[in-house]
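Participant: Return atomic coordinates for the entry below.
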Amino acid sequence: MAKLKLGPIADDKPVKVSLELPATVHRDLVAYGDYLNGQHVSVAFWVGGDEWRI
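Facilitator: Reported below is the predicted structural model:
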C-alpha cells in the first residue's frame, strides 16, 4: 500500500473526491448518519431495478 503524504494546503480551492464503497458500508453510513441526526427516516434507493430500504 502506498504511503499517504500530507502537506500544507496551498489555497482554499475546493477539492472533489470520489470513491467506491461496498453497498453494506454505504447502508451502515446512512444508518449511522440517521442515528446521529436523531431522525429515523426510511431511506430508499434503487439497485439493479430493485428497491432497497434501510
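Participant: Relative to Leu21, how far out is Pro8?
Facilitator: 29 Å (C-beta to C-beta, to the nearest Å). In this view, the C-beta of every residue, glycine as well, is placed from N, C-alpha and C.
Participant: Compare the two and say which is more crowded by neighbours.
Facilitator: Leu21 (10 against 4; other C-beta atoms under 10 Å).
Participant: Apart from its chain neighbours, what residue comes closest to the more buried one?
Facilitator: With sequence-adjacent residues excluded and distances taken as C-beta to C-beta, 6 or more residues apart in numbering, Leu21 is closest to Leu29, at 7.6 Å.
Participant: number of nearby residues for the one you found?
Facilitator: When counting by other C-beta under 10 Å, one arrives at 11 neighbours for Leu29.
Participant: Show me which positions of the helix or strand harbouring it end up buried.
Facilitator: In this structure, Leu29 sits in helix 23-37 according to DSSP states H and E. Neighbour counts over helix 23-37 (16 or more other C-beta atoms under 10 Å) mark Arg27 as buried.
Participant: who does it touch, helix- and strand-wise?
Facilitator: In this structure, helix 23-37 packs against no helix or strand, with contacts taken as 3 or more C-beta pairs under 8 Å, 6 or more residues apart in numbering; DSSP states H and E.
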